[in-house]
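1. Need coordinates for the following:
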Amino acid sequence: MKVLILYESITGNAKGMARILDQFFKHAGAETKISQMQQTDVATLVDYDAVVIATYTWSGGVVPPEADDFYGDIAGVDLSAKPLVVGVAGTGDPWYGKDYNTAPDLFDEAFVQAGAVLGAEPIKIEQGAQEKDMPAFAAFTKSMIAKVKAVQQAAKE
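-> This is a model prediction of the structure:
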């Protein structure tokens, strides 16, 4: 199973989540690659069985400015052929109130509209990942892997 883990991070929190998820997926036997969204062509996503996004939410409840092009390009690809399994992990600061950790939902919506299959409920953590967040990362990884296997099995039938 090939998993692409993409992130954008200013403070290092989202990058930290990407690294944690990389370890969880590797431990489960997946082949992983980590990269930044701004350095990734959306068209290459179809080369993977699953894509994980690790992001933060920018002021006003939007995706990070560095991810704007990548996010906008999602609408221009058809991810339904396999279909691609996608999951999103977000970090945020509750100080932002109603805009707290909204980027994961925006990414989920964009990917679903492009034909991808959601592999797990988004992880939404406050600031940097802590030990108490590890069960959420484990459950996310388990759910993503199960969804990839289900999609691959359905494709064989």
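2. excluding its backbone neighbours, what's nearest Ser35?
-> Among residues not flanking Ser35 along the chain, Leu6 sits closest, at 5.8 Å (C-beta to C-beta, 6 or more residues apart in numbering). Quick note: C-beta positions are derived from backbone N, CA and C, even for glycine.
3. Name the surrounding residues that touch the particular helix or strand that has the one you found in it.
-> Element membership for Leu6, per DSSP states H and E: strand 2-7. Outside strand 2-7, the residues that touch it by C-beta atoms under 8 Å, 6 or more residues apart in numbering are 14-15, 17-18, 21-22, 25, 30-37, 40, 44-45, 47-55, 70, 144.
4. go again using 7 Å as the cut-off
-> Here strand 2-7 makes contact (C-beta atoms under 7 Å, 6 or more residues apart in numbering) with 14-15, 18, 21-22, 25, 30-37, 40, 45, 48-55.
5. which of those count as buried?
-> Burial by neighbour count, 16 or more other C-beta atoms under 10 Å: within the contacts of strand 2-7 this picks out 14-15, 18, 21-22, 25, 30, 32, 34, 36-37, 40, 45, 48-55.
6. Tell me how many other residues crowd the residue nearest to Ser35.
-> A count of nearby residues for Leu6, using other C-beta atoms under 10 Å, gives 25.
7. Please apply the same query to Gln39.
-> When neighbours are defined as other C-beta under 10 Å, Gln39 has 9 of them.
8. what are the phi and psi values for it?
-> phi -110, psi 10 (degrees, to the nearest 10).
9. now do Val51
-> Per degrees, to the nearest 10, the backbone of Val51 is at phi -130, psi 130.
10. returning to what we had before: now do the strand holding Leu6: distance to the chain's middle.
-> Relative to its chain's centre, strand 2-7 lies at 7 Å (C-alpha atoms, centre = their mean, to the nearest Å).
11. Now do the next helix or strand after that strand: everything it contacts.
-> Sequence order places helix 13-27 as the next helix or strand after strand 2-7, per DSSP H and E. Contacting residues not belonging to helix 13-27 are listed as 3, 5, 7-9, 32, 34, 52, 54-56, 89, 91, 127-129, 137-138, 141 [C-beta under 7 Å, 6+ apart].
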